[in-house]
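J.: Next one to model:
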Amino acid sequence: MQELNPSVKQHLSLKKYILDRLKVFIIFINMDLNKIFNNFEDDDSQNIHAKRIVEEWRYSPSYKIGMFKKIVSNYSFIKDLFVKNISNSELEIDEKDVKEAGEFITYSRAWNYIKNCILQDNEWQNALIYSYDDYLLCSLKLSLNYFESQEEYEKCILFREILSFLNLSLASQK
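T.: Coordinates of the predicted model:
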């Protein structure tokens, strides 16, 4: 068997590295907590009760806001790292396409957590106020900008309403 050229070897190893990182990112995005918690099956009534509490919490506004915030906040870091690795490689991958695909996945996934926000519901109101920090504010504004650029104005309405609610609520607390 013929020995590969060192630059070809480097190219193949970099390609494998990028593909491995992309696989890890995809696995992270598609994590299923049910599969994780099913590994700890136990008939103990205390564990069953704890599992039920965790399952119920996954449908709570606090959880959904936290996941929304986490997805958008972490995207900036992951995108920068991934684009840096791509741009330093010899692969012929369009950096713009990678950014656009990453943005689409990130903001679509984040939208799935926040889309059911009902500002008239006390539980959502309390969760938004309690979760308010720079990360939430930044995540809301970044999402608003993204969906405006995609001309998905029906989604922008919700982000504007949430931002207005937080501004009014926090101003009244001062």
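J.: give me every residue that touches residue 147.
T.: Residues in contact with residue 147 (CB atoms under 8 Å, 6 or more residues apart in numbering) are 107, 111, 153, 155-156, 159. (Each C-beta comes from the backbone N, C-alpha and C, glycine too.)
J.: what residue ranges in this protein are flagged as low confidence?
T.: 1-46, 82, 85-92, 174 (pLDDT under 70).
J.: Try it again at 80.
T.: 1-56, 76-99, 101, 171-174 (pLDDT under 80).
J.: which residues does residue 169 contact?
T.: With CB under 8 Å, 6+ apart, residue 169 has these contacts: 125, 128-129.
J.: which residues in the protein form helices?
T.: Secondary structure of the chain, counting by DSSP state H: helices at 6-29, 33-38, 45-57, 61-87, 95-114, 122-131, 134-149, 153-173.
J.: what angle separates the fourth one from helix 95-114?
T.: It stands for helix 61-87. Orientation check (axes from the mean of the first three to the mean of the last three CA atoms, to 10 degrees): helix 61-87 against helix 95-114 gives 170 degrees.
J.: ok, the closest residue to residue 64 other than its chain neighbours - contacts?
T.: Spatial nearest neighbour of residue 64, excluding adjacent residues (CB to CB, 6 or more residues apart in numbering): residue 113 at 4.5 Å. Going by CB under 8 Å, 6+ apart, residue 113 touches 64-65, 67-68, 71.
J.: can you rerun that using 7 Å?
T.: Residues in contact with residue 113 (CB atoms under 7 Å, 6 or more residues apart in numbering) are 64, 67-68.
J.: No further questions, thank you.
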